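Peer 1: With the input below, show me the fold.
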Amino acid sequence: MDIDVQGAKIIKEKLPDKIVTIFILPPNEKEWEKRLRGRGTDSEENILKRIQNGKLELERQNEFDYKIVNDNLDRALAELENIF
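Peer 2: Prediction:
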């Protein structure tokens, strides 16, 4: 399930023993912006909003059970598989 930080917190509070939360991190801010722009699906205004919201969410990454840096797909998938 893909949900935002606030949604993860609410679900975790309601079902603490049944939910595992995983925060997927970009490798760095520069790469993150490059990926957002490279998709070609959002306006510059939307990209800037996503970056602003994302920075706020990054501040809450320690609220999650696990963190995975999405810098190498094979490694990120292996880390995910190790969780389950």
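Peer 1: what's the distance between the spatially most central residue of the chain and residue 45?
Peer 2: Per Cα atoms, centre = their mean, the C-alpha nearest to the average position across the chain is that of residue 24, at 3.6 Å. Distance, residue 24 to residue 45, by Cβ to Cβ, to the nearest Å: 24 Å. Just so you know, the C-beta spots here come from the backbone N, C-alpha and C atoms, and that holds for glycine as well.
Peer 1: Tell me where this structure has strands.
Peer 2: If DSSP state E is used as the criterion, the strands of the chain fall at 22-25, 66-69.
Peer 1: Of those strands, give the one that comes closest to residue 53.
Peer 2: For the strands of the chain, the distance to residue 53 is smallest for strand 22-25, at 14.2 Å, taking Cβ to Cβ.
Peer 1: which one's the longest helix in this protein?
Peer 2: For the chain, the longest helix by residue count, based on DSSP state H, is helix 44-58.
Peer 1: what sits up against that one?
Peer 2: Contacting residues not belonging to helix 44-58 are listed as 4, 5, 25, 32, 33, 36, 37, 42 [Cβ atoms under 8 Å, 6 or more residues apart in numbering].
Peer 1: excluding its backbone neighbours, what's nearest the third one?
Peer 2: Among residues not flanking residue 25 along the chain, residue 69 sits closest, at 4.8 Å (Cβ to Cβ, 6 or more residues apart in numbering).
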